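Student: Next come a sequence and a model predicted from it.
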Amino acid sequence: MLKVLIVLFMLMLVASLFSGFYFLMVDQGDVTKRRTFNSLGVRLGLALGLMGLIVYGVATGQLGHRNPWDSGPRGAAEETAE
């Protein structure tokens, strides 16, 4: 479930990025419209939420690396060999 939330946050970040670009092109420097600035704020909030999700996932052990070439710390590998 956590990985699905992370993918959704990434997709929302990309959508916010493109909406900010669209607002930047459409508004053309109009100082009365703050849509580009608001889009940046949304993107910043989404990025902080994504980082929080990743930190939570690593801290709880739901996210991690399971690389076949990484056997972990040397102490753990040596203990299993004995």
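Tutor: On my side now, so go ahead. Numbers count the residues shown, from 1 in each chain.
Student: got a pLDDT number for the most centrally placed residue in the chain?
Tutor: What sits nearest the mean C-alpha location of the chain, by C-alpha atoms, centre = their mean, is residue 50, with 3.9 Å. With respect to pLDDT, residue 50 has a value of 96.
Student: Nearest residue to it in space, please, no chain neighbours.
Tutor: residue 9 (4.3 Å; C-beta to C-beta, 6 or more residues apart in numbering). (Glycine included, C-beta is placed from N, CA and C.)
Student: Which residues belonging to the helix or strand hosting the one you found are considered buried?
Tutor: For residue 9, the enclosing helix or strand under DSSP states H and E is helix 2-27. For helix 2-27, burial by neighbour count (16 or more other C-beta atoms under 10 Å) applies to 6, 9, 12-13, 16, 19-20, 23.
Student: Out of those residues, which is nearest to residue 68?
Tutor: Nearest to residue 68 among the buried residues of helix 2-27: residue 6, at 22.6 Å, using C-beta to C-beta.
Student: for the closest one, what are its contacts?
Tutor: Contacts for residue 6 (C-beta atoms under 8 Å, 6 or more residues apart in numbering) come out as 50, 53-54, 57.
Student: Sketch out the low-pLDDT regions of the protein for me.
Tutor: Applying pLDDT under 70 to the chain flags the ranges 71-82.
Student: Noted, bye for now.
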